[in-house]
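prediction below, plus the sequence it came from.
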Amino acid sequence: MSVLIDACVLYPTVLREIVLGVAARGGIAPLWSPRILEEWARAAARGGARDEAIARGEIALLRAHWPGREITPHEGAETPLDLPDAADRHVLAAAMAGHAEAIMTRNLRDFPRRALAPHGLRAVAPDALLMELWLDEAAPVEDAIREVRARTADISGRDQPLRPLLKRAGLPRLGKALQELGS
């Protein structure tokens, strides 16, 4: 499934790493645009110059690791599009240009069904899409989470309980489901 990933999913780190970990295991084919990546860098910049520099380095690595996944809509593609927030039209334009099946975003209100359906798209929250993928084939999702959880524990120097980690990452339903199964 080809999925355009909105900036609000790429930043924060744990959520991005889980989503891209699932993508690396074949769960989704990720897409983004230069403007989405710039929004990620600007969001990180609110934490200071160091955070912005780290984000720009991660963006460079993302581009190197995922060549051909960056979509640039043609000039004026967003002009005729209608969304509640005109500033989000570029996301829809990139999804259309990349022939995405879905837009993964935490801002579902900005992408109403009535606006996306004519373009054959749907907006889906990371928690909902990762749950769908997990229910369909658990291993890629569980493996990605296990890897990110271990890396987070190494960086923080302390154990990272699964459910609170996923809740902080905006994945509460997935965290509850995995904890109940003892994953």
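Cool, got the structure.

thinking C8 is in contact with R106, fair?
Yes. Using Cβ atoms under 8 Å, C8 is in contact with R106, at 4.5 Å. No exception for glycine: its C-beta is placed from N, CA and C like everyone else's.

pick out whichever of the two has more residues nearby.
Between C8 and R106, C8 has the larger neighbour count (other Cβ atoms under 10 Å), namely 20 against 16.

for the more buried one, give its distance to P140.
Distance check for C8 against P140: by Cβ to Cβ, to the nearest Å, it reads 22 Å.

name the residues of the helix or strand containing D51 that are buried.
Assigned by DSSP states H and E, D51 falls within helix 49-65. Buried residues in helix 49-65, defined by neighbour count with 16 or more other Cβ atoms under 10 Å: E52, A55, R56, E58, I59, L62.

from the contact counts, what lies against the helix or strand following that helix?
Once the chain leaves helix 49-65, the next helix or strand it forms, by DSSP H and E, is helix 89-97. Helix 89-97 is packed against strand 2-5, helix 34-45, strand 102-104, with contacts defined by 3 or more Cβ pairs under 8 Å, 6 or more residues apart in numbering; DSSP states H and E.
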